[in-house]
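*Asks:* here is my input; please provide its structure:
(one chain, ligands or ions: 1)
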Amino acid sequence: MNTFNSHREEMKSLVLCIFVCTFLGAHSLENGLVRTPPMGWLAWERFRCNTDCKNDPDNCISDRLFRTMADLVVSEGYAAVGYEYINVDDCWLEKERDFNGNLQPDALRFPYGMRDLSNYIHSKGLKFGIYEDFGNYTCAGYPGVLGYLENDAFTFASWEVDYVKLDGCYSHPKDMDRGYPEFGYHLNRTGRPMVYSCSWPVYQIYSGMQPNFSSIIDNCNLWRNFDDIQDSWSSVESIIDYYGNNQDVIVPNAGPGHWNDPDMLIIGNFGLSYEQSKTQMAIWAILAAPLLMSVDLRTIRPEYKAILQNRKIIAVDQDPLGIQGRRIYKKNGIEIWARPITPVYQSYFSFAVAFVNRRTDGTPSDIAVTLFELGLNFRGGYFVEDLYEEVSYGVLTPDTKIKVKVNPSGVVMLRADVQLPSFKDRRYPPAQSIYRPYDVFQVARPFLK
Ligand code: GLA
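*Replies:* Prediction:
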């Protein structure tokens, strides 16, 4: 090759690189969505891949199921406390694309098409979510987006989708560092704001890779780190343990617009007791987790509905600071989890605190700890209340000992709000702008070994 030609080749690669790097490497997901964790209903854990509408019309993955759940989210008061997204999961597709290469829903189970379902969900004041997979197939074997990234992003926009969960079966985890951002790029380019839920880190972790979390944060609104939740307490416990044991890596990645997703709420199904259900809700709120219920809202018992609709715990989950909480104590089956929340005064946070009893010895455990030992050291005191029981402790100073009785596999959840001094006593401006979120836990560590 002569010099001129080789120079031309170099220029061509440079131009190509500038093009590819700008749209794949350097962009970040600034879609302004989910400044607090998303809340809604998701089909998978409860309804799975039931496609048998002939024999099981009430429970199969179908247009009717999603319309029914949308109706109930509104009529049963879930929408009023913040649940908003109605999300389709796997098994909604035909096994083949149409002759133009477009995705198409199963014609028998979604006879009116996805745009019509989306319109219905929007007409209820709710938002519409859909599921796809970065690979050749979805996990259940339906067509994946590989090879059709741009096309499928625009299809979703044309259906007025508000939320896309992109799974990672049938793809190579190494390709995800490029592929997930690329699909996100196409989503953004449609001009329709769509929440982007990724499974990118979990597949990479399982294949022994270390996920590039800074890129994941830049490109996804939420992402799965760990196993699928199943309908059992042991599954919930394994997720709680995973998040506690890996918190130094996981917690700093959460913040407004980008969340860790420990998977769905299974409250109200078959596997969790009442106490365990309270524990799942409490820990998910501490984790700043998406609150995606996967439960049959037609038959849920009132006590489970009350847990899902607990406004005080939802307020913790939805705290505007968006700082994910941590496990600050673990010994002999007793755990304490804490999350810094608003209001903040100077460098003093308010806190949500969950006392969890993982013991199985049948009798409630007593826990007694001072606020100071929990890291709550504001001398002006905290207004403390129980978030499940109608119990208020009034204003407590850091040296006060809190005593709680926690049932086996249950939780006591408190909220301690910094007592804001009256305006004339405030000598300094509030310090939201200078707080360093991860320092607040250091205070507690020496005391809680
Ligand atoms: C994976 C995901 C689940 C669900 C199924 C559907 O296992 O992690 O949440 O979407 O696929 O096949």
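
*Asks:* can we go C-alpha only for contacts and neighbour counts from here?
*Replies:* Noted.

*Asks:* mind listing the helices for the stretch 51-200 of the chain?
*Replies:* 63-75, 114-123, 149-158, 176-189, 200-206 (DSSP state H, counting those that start in this stretch).

*Asks:* what angle do the fourth one and helix 149-158 make?
*Replies:* This means helix 176-189. 40 degrees (axes from the mean of the first three to the mean of the last three C-alpha atoms, to 10 degrees).

*Asks:* which parts of helix 176-189 are buried?
*Replies:* The neighbour-count check on helix 176-189 (16 or more other C-alpha atoms under 10 Å) flags 176-177, 179-188 as buried.

*Asks:* same question for the first one.
*Replies:* Of the residues in helix 63-75, those buried by neighbour count under the rule 16+ other C-alpha under 10 Å are 63-67, 69-74.

*Asks:* do the second one as well
*Replies:* Buried residues in helix 114-123, defined by neighbour count with 16+ other C-alpha under 10 Å: 114-115, 117-122.

*Asks:* quick check, nearest of those to the ligand?
*Replies:* Each of the buried residues of helix 114-123 was checked against the ligand using C-alpha to the nearest ligand atom; the closest is M114, at 18.2 Å.

*Asks:* does that closest one touch W159 like I think?
*Replies:* Yes - counting by C-alpha atoms under 8 Å, M114 does reach W159; the two are 6.2 Å apart.

*Asks:* so is W41 in a helix, a strand, or just coil?
*Replies:* strand (DSSP: H, G, I helix; E, B strand; the rest coil).

*Asks:* which residues are in contact with the residue in the chain that the ligand sits nearest to?
*Replies:* Residue nearest to the ligand within the chain: C139 (4.2 Å; C-alpha to the nearest ligand atom). When contacts are counted by C-alpha atoms under 8 Å, 6 or more residues apart in numbering, C139 touches 90, 133, 167-170.

*Asks:* now, which of these lie close to the ligand?
*Replies:* D90 (C-alpha under 6 Å from any ligand atom).

*Asks:* how about a markdown table for the contacts of C139, with neighbour count and pLDDT added?
*Replies:* As requested, the contacts of C139 are exported to a markdown table (neighbours: other C-alpha atoms under 10 Å; pLDDT from 0 to 100):
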| residue | neighbour count | pLDDT |
| --- | --- | --- |
| D90 | 22 | 98 |
| D133 | 26 | 98 |
| D167 | 27 | 98 |
| G168 | 26 | 98 |
| C169 | 20 | 98 |
| Y170 | 16 | 98 |
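
*Asks:* V356: which of the contacts of C139 is nearest?
*Replies:* Using C-alpha to C-alpha, D167 is the member of the contacts of C139 that sits closest to V356, with 31.8 Å.

*Asks:* F66 reaches I86, doesn't it?
*Replies:* Yes - if you go by C-alpha under 8 Å, F66 and I86 touch, sitting 7.1 Å apart.

*Asks:* on that earlier part again, quick one: closest of the helices of the stretch 51-200 of the chain to Q419.
*Replies:* helix 63-75 (35.8 Å).

*Asks:* what's the distance between the closest one and the middle of its chain?
*Replies:* From the chain centre to the centre of helix 63-75 is a distance of 21 Å (C-alpha atoms, centre = their mean, to the nearest Å).

*Asks:* what lies in contact with it?
*Replies:* 41, 58-59, 78-80, 83, 86, 88, 109-112, 117, 120-121, 124, 126, 296-298.

*Asks:* let's see that with 7 Å instead.
*Replies:* 58-59, 79, 86, 109-110, 117, 121, 297 (C-alpha atoms under 7 Å, 6 or more residues apart in numbering).

*Asks:* ok, stretch 232-239 next?
*Replies:* Contacts of stretch 232-239 (C-alpha under 7 Å, 6+ apart): 229, 262, 271-272, 276.

*Asks:* can you pull the residues of the protein lying near the ligand?
*Replies:* Residues of the chain lying near the ligand (C-alpha under 6 Å from any ligand atom): 44, 89-90, 139-140, 228.

*Asks:* and the closest residue to N310 other than its chain neighbours, how close does it get to S409?
*Replies:* Spatial nearest neighbour of N310, chain neighbours left out: Y388 (7.7 Å); criterion: C-alpha to C-alpha, 6 or more residues apart in numbering. Distance of Y388 to S409, given as C-alpha to C-alpha, to the nearest Å: 15 Å.

*Asks:* between the two, which one's more packed in?
*Replies:* S409 (26 against 18; other C-alpha atoms under 10 Å).
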